[in-house]
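1. The sequence and its predicted three-dimensional model are supplied below.
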Amino acid sequence: MFLIFDPIYWILAIAGYLLMFALATLIAPKVANKVSGRFSLHVSMVLLAILILAISASVIYLILSFAGVVISFIGLLIFLVIVNLLIYLVSPYMINLSFGAKSSEELQAVVNSVAQRLKVKPPKAVVVSSPPNAFAYGNFLTGKYVAVSDSLMRMLTKEELEAVVGHEIGHHKHRDNLVMLFFGLLPSIIFYLGYALIHAAMHDERRGLQLAAVGLAAVVISFIVQILVLAFSRLREYYADFEGTFAAGKEAMQRSLAKIFLFYHRYPQMHDVIADNKFRTLFIYAFANAAANPLTRGDIERIKSAKVSAIEEFLSTHPPIPKRLKFIDTIKL
């Protein structure tokens with residue numbers, strides 16, 4: 001079955017995304033205000049991970065129990081797992097080709113130094129051709145990489161570069177690529193199980209309505225789980241910021257993040273460059289031209305007080321920069 005030609009798939013997908021935006025509009029501001037700062041980073045991650053796993057396991061178990069052998073659940077699960085694992089295994093080669101990754105002795109020296117401070121084995125350092133950015137990638141076949149764009153290398157001070165590298169090594173240290181691969185699978189599994197139930201309902205005269213109802217409920221829950229996974233991803237970014245701060249200090253980490261904020265406000269057209277890239281969830285995002293202007297402590301304080309869109313935060317993999325700057329203030333080194 002080719003999903004691209006299936007109207008049921010597109011109806012469910014569009015309805016699901018509309019649901020996400022509705023939840024973001026109605027619930028996000030209240031949740032953000034009540035939960036913000038209530039739990040520590042580690043406790044928040046543990047509680048959210050437990051919630052995601054509990055909901056996902058319960059829903060998958062109920063679907064399997066209810067549907068019996070109406071559809072090939074095991075085949076569907078195996079298919080989704082294999083596809084995602086193939087992407088995980090192949091993506092480092094795709095990234096190296098797409099960005100023209102080249103080894104760099106200068107960057108490798110920085111990576112080695114920061115890795116020693118963080119007490120981990122140094123990843124391979126590569127310079128890529130792209131707008132200012134940095135990201136971590138790799139797997140057990142290719143090894144671990146930290147990539148920094150050539151433009152970013154020219155624009156950051158040594159301390160700021162160490163903070164960025166520390167953030168990316170933090171992702172490797174916390175195994176975020178593998179962790180987020182696993183958690184990202186869960187809403188997809190629930191969605192496709194619901195989608196398969198709805199299709200099965202069309203061929204089951206006895207239980208058609210029941211199967212359709214359960215399938216629709218599963219689709220709705222899959223998008224709710226997706227929102228929780230996005231929240232979990234934001235917490236992992238805070239966790240990586242902690243490592244960058246530990247490696248280079250609060251001032252360097254905050255200056256780097258402040259330059260991201262200033263860059264995107266001065267050059268909003270660059271949003272499209274990032275948004276259109278298939279590897280955008282890996283990026284630390286752009287720094288760039290703001291580095292040419294003196295950055296004062298007053299600039300950082302003004303950014304901290306900037307208004308944050310709860311809707312954008314609710315639907316993003318990365319926390320807003322003002323919140324990241326405030327989080328760094330709370331870190332005890």
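-> Structure received. Residues are numbered from 1 along each chain as shown.
2. Name the SS class of Gly184, please.
-> At Gly184 the chain is in helix, as set by DSSP: H, G, I helix; E, B strand; the rest coil.
3. can you pull the contacts of it?
-> Shown in contact with Gly184 (CB atoms under 8 Å, 6 or more residues apart in numbering): Asn84, Val229. Where C-beta positions appear, they are placed from N, C-alpha and C, glycine not excepted.
4. Against Phe191, how distant is it?
-> Remark: distance between Gly184 and Phe191 (CB to CB, to the nearest Å) = 12 Å.
5. chain center to the one helix or strand Ile82 maps to, what's the gap?
-> Following DSSP states H and E, one finds Ile82 within helix 73-99. The chain centroid and the centroid of helix 73-99 are separated by 16 Å, computed with CA atoms, centre = their mean, to the nearest Å.
6. elements contacting it?
-> When contacts are defined as 3 or more CB pairs under 8 Å, 6 or more residues apart in numbering; DSSP states H and E, helix 73-99 packs onto helix 41-67, strand 134-139, strand 143-149, helix 176-201.
7. If we go by neighbour counts, what in the last one is buried?
-> Residues of helix 176-201 classed as buried by neighbour count (16 or more other CB atoms under 10 Å): 176-177, 179-181, 183-201.
8. again with stretch 227-237
-> Within stretch 227-237, the residues that count as buried by 16+ other CB under 10 Å are Ile227, Leu228, Val229, Leu230, Ala231, Phe232, Ser233, Arg234, Leu235, Arg236, Glu237.
9. Kindly reformat those residues as JSON lines and extend each row with secondary structure, pLDDT and distance to Ala218.
-> Converted to JSON lines, the buried residues of stretch 227-237 look like this (DSSP: H, G, I helix; E, B strand; the rest coil; pLDDT from 0 to 100; distance: CB to CB, whole Å):
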{"residue": "Ile227", "secondary structure": "helix", "pLDDT": "89", "distance to Ala218": "15"}
{"residue": "Leu228", "secondary structure": "helix", "pLDDT": "91", "distance to Ala218": "15"}
{"residue": "Val229", "secondary structure": "helix", "pLDDT": "92", "distance to Ala218": "16"}
{"residue": "Leu230", "secondary structure": "helix", "pLDDT": "89", "distance to Ala218": "19"}
{"residue": "Ala231", "secondary structure": "helix", "pLDDT": "89", "distance to Ala218": "20"}
{"residue": "Phe232", "secondary structure": "helix", "pLDDT": "92", "distance to Ala218": "20"}
{"residue": "Ser233", "secondary structure": "helix", "pLDDT": "91", "distance to Ala218": "22"}
{"residue": "Arg234", "secondary structure": "helix", "pLDDT": "91", "distance to Ala218": "25"}
{"residue": "Leu235", "secondary structure": "helix", "pLDDT": "92", "distance to Ala218": "26"}
{"residue": "Arg236", "secondary structure": "helix", "pLDDT": "93", "distance to Ala218": "26"}
{"residue": "Glu237", "secondary structure": "helix", "pLDDT": "92", "distance to Ala218": "29"}
